[in-house]
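# prediction below, plus the sequence it came from.
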Amino acid sequence: ILKSGKLPAPARIIEEAIVGPSLGKEAIDAGFRSFTIALLIVLVYMIFYYNFAGVVSNIALLANLFFVFGVLSSISAVLTLPGIAGIVLTIGMSVDANVLIYERVREELMNGKGLRLAIADGYKAAYSSIIDANVTTLLTGIILYVFGTGPIKGFATTLVIGILTSLFSAIFITRLVFYWRLSKKNSVSFDNKITKGAFKNTAVNFIGKRKRFYILSSLIILLGIGSFVTKGLNYGVDFKGGRTFVVRFDDTANNEDLRASLGQAFVTDGVEMFPEVKTFGEDNQVKITTKYLIDSQDLNTDELVAAQLAEGLASYGEYEIMSSQKVGPTIADDIKNAAVWSVVFSLLVIFLYILLRFRKWQFSLGAVAAVFHDVMIVLSIFSIFYGILPFSLEIDQAFIAAILTIIGYSLNDTVVVFDRIREHMRIFKKKDFNELVNNALNSTLSRTINTSITTFFVLLIIFLFGGEVIRGFMFALMVGVLVGTYSSLFVASPIMLDTMNKSEEKKNK
């Protein structure tokens, strides 16, 4: 047996992706252009809102990006769509850390402290929020790296690097600049005439109106569940297996005619297999998705599919295949399982960490409920609007990376709010708990809105100018940022408060 030679074990390609050079160049150019515009808007906004301190935060942000790209380059990491999501989240978290510090410094200045003492106390007061928010996201990144596959692992790599570099940049570099400035006896400003006192003395009744927002969120989720049952989700080949081709014609092609022509070419056992044909970006570009021969074990299958595709497209004049992707059914199942388990383990670890830090399970429940709420809302919107909105809303690996980004962002937002509630619980022990939570939410409003605005604008610019390939992905992130901000104020804190009040009621009985 040992001398009989090698066993016949042919190698079959079960997953591959080919991107044509023109599509690759277009995607890179559009992505770089949109990213540059978005970054400039964030830099200008920070200077507008925080004056000289905004310049310092911009130095830290640019240094952070330099570090991220430097580390990615040094480990020869491939920059993918999920990797870009990790960088966008890194920008958001880097800006957020500076906003947290600056808002604390502004509070100390309003309390009458001198500039040097206000800066020292502002950093000290912000450390707890920054560390908790970043550690929860870091733990999520590590879990995703361990359990994730392919793009999910790429997202996790970028995220973990970004968190570590943003902590260094936001805390160390900015402080160094401020103390250097003070040593030269130069002034440091954290606001201007327009932004001085902005969002101070706000008295929004978040807690009093919580039941209205419970109803609103429940209605959207119920609509989403109804859409899941009747319409489902638009699964990409990553999750169902199959082949996709992005084809560009010289002239506009009719999608129905194209579908009929390809159906006649894709025939299995005498049965025509009509593909899914959708306009992808411009009118002369389509995305063709088919399961034709995806289960075939023949080594020549790929050549046969290519020949039949060419036959179906032959009557449509000149065309160019811009990109193609193939995912075998077993790989699709592996990707799906890895995605589900990575999200489940992330939520479990988050619950335990927040329980450890805040010492009350109600905080953990509020945070996990908010994250679950955000994921359900985004899925609901993708189910309700696919086929209605004029861009792709596929559920694929890039979408999973978007969901993971949303979990990280939502967590970051919620933990910062919880940290302020915990601080108020320590200082105002005898205050009514509902009023205490409401005051804590109002005191973090400036930071919540500033971080959300800067992150949302980065995503919006990339959505508008980043090209068709990235549009659905950016839409998911935009919805996630809005929903994540909403849930930290109107879902996480109210759920924590209601469960806390019920526990107190039981103790008093």
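Thanks, I have the structure now.

# buried ones in the strand or helix carrying residue 446, by neighbour count?
Applying DSSP states H and E as the criterion places residue 446 in helix 445-465. By 16 or more other C-beta atoms under 10 Å, the buried positions in helix 445-465 come out as 445-448, 450-463, 465. Bear in mind the C-beta positions are built from the backbone N, C-alpha and C, glycine included.

# and the average pLDDT for whichever helix or strand comes after it is what?
Sequence-wise, the next helix or strand downstream of helix 445-465 (DSSP H and E) is helix 468-487. With pLDDT averaged residue by residue, helix 468-487 scores 87.

# tell me what helix 468-487 is packed against?
Packing partners of helix 468-487 (3 or more C-beta pairs under 8 Å, 6 or more residues apart in numbering; DSSP states H and E): helix 21-50, helix 81-110, helix 361-385, helix 397-427, helix 445-465.

# looking at the ones you listed, spot the one closest to residue 499.
helix 361-385 (4.4 Å; C-beta to C-beta).

# now do the strands in the stretch 151-300 of the chain.
242-249, 267-268, 271-272, 276-279, 285-290 (DSSP state E, counting those that start in this stretch).

# follow-up on the earlier one: by contact count, what packs against the helix holding residue 446?
Helix 445-465 packs on helix 21-50, helix 81-110, helix 397-427, helix 468-487, going by 3+ C-beta pairs under 8 Å, 6+ apart.

# turn those helices into CSV, including distance to residue 241.
Converted to CSV, the helices and strands packed on helix 445-465 look like this (distance: least, C-beta to C-beta, whole Å):
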stretch, distance to residue 241
helix 21-50, 23
helix 81-110, 20
helix 397-427, 13
helix 468-487, 20
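
# in JSON lines: the strands of the stretch 151-300 of the chain, plus distance to residue 436 and mean neighbour count.
Below are the strands of the stretch 151-300 of the chain laid out as JSON lines (distance: least, C-beta to C-beta, whole Å; neighbours: other C-beta atoms under 10 Å):
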{"stretch": "strand 242-249", "distance to residue 436": "53", "mean neighbour count": "21"}
{"stretch": "strand 267-268", "distance to residue 436": "66", "mean neighbour count": "12"}
{"stretch": "strand 271-272", "distance to residue 436": "67", "mean neighbour count": "11"}
{"stretch": "strand 276-279", "distance to residue 436": "52", "mean neighbour count": "18"}
{"stretch": "strand 285-290", "distance to residue 436": "53", "mean neighbour count": "22"}
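
# worst mean pLDDT among those?
Ranked on mean pLDDT, the bottom entry among these is strand 271-272, at a mean of 79.

# contacts for that strand?
For strand 271-272, contacts defined as C-beta atoms under 8 Å, 6 or more residues apart in numbering pick out 263, 264, 266.

# out of these, which are buried?
By 16+ other C-beta under 10 Å, those give 263, 266 as buried.

# what's the one helix or strand residue 349 maps to packed up against?
With elements taken from DSSP H and E, the one containing residue 349 is helix 329-358. Counting contacts by 3+ C-beta pairs under 8 Å, 6+ apart, helix 329-358 is packed against helix 115-147, helix 151-167, helix 237-240, helix 361-385, helix 397-427.

# just so I know, which of the helices and strands packed on helix 445-465 lies nearest residue 129?
helix 397-427 (4.2 Å).

# what average pLDDT does the closest one get?
The average pLDDT for helix 397-427 rounds to 84.

# between the helix or strand just after that helix and helix 445-465, how big is the angle?
Sequence-wise, the next helix or strand downstream of helix 397-427 (DSSP H and E) is helix 433-443. Here helix 433-443 points in a direction 50 degrees away from that of helix 445-465 (axes from the mean of the first three to the mean of the last three C-alpha atoms, to 10 degrees).

# check the offset of helix 433-443 from the chain's centre.
How far helix 433-443 lies from its chain's middle: 28 Å, per C-alpha atoms, centre = their mean, to the nearest Å.

# cool, and stretch 25-32?
20 Å.

# what of stretch 156-176?
That offset, for stretch 156-176, works out to 18 Å (C-alpha atoms, centre = their mean).

# tell me the buried residues in it?
156-167, 169-171, 173-175.
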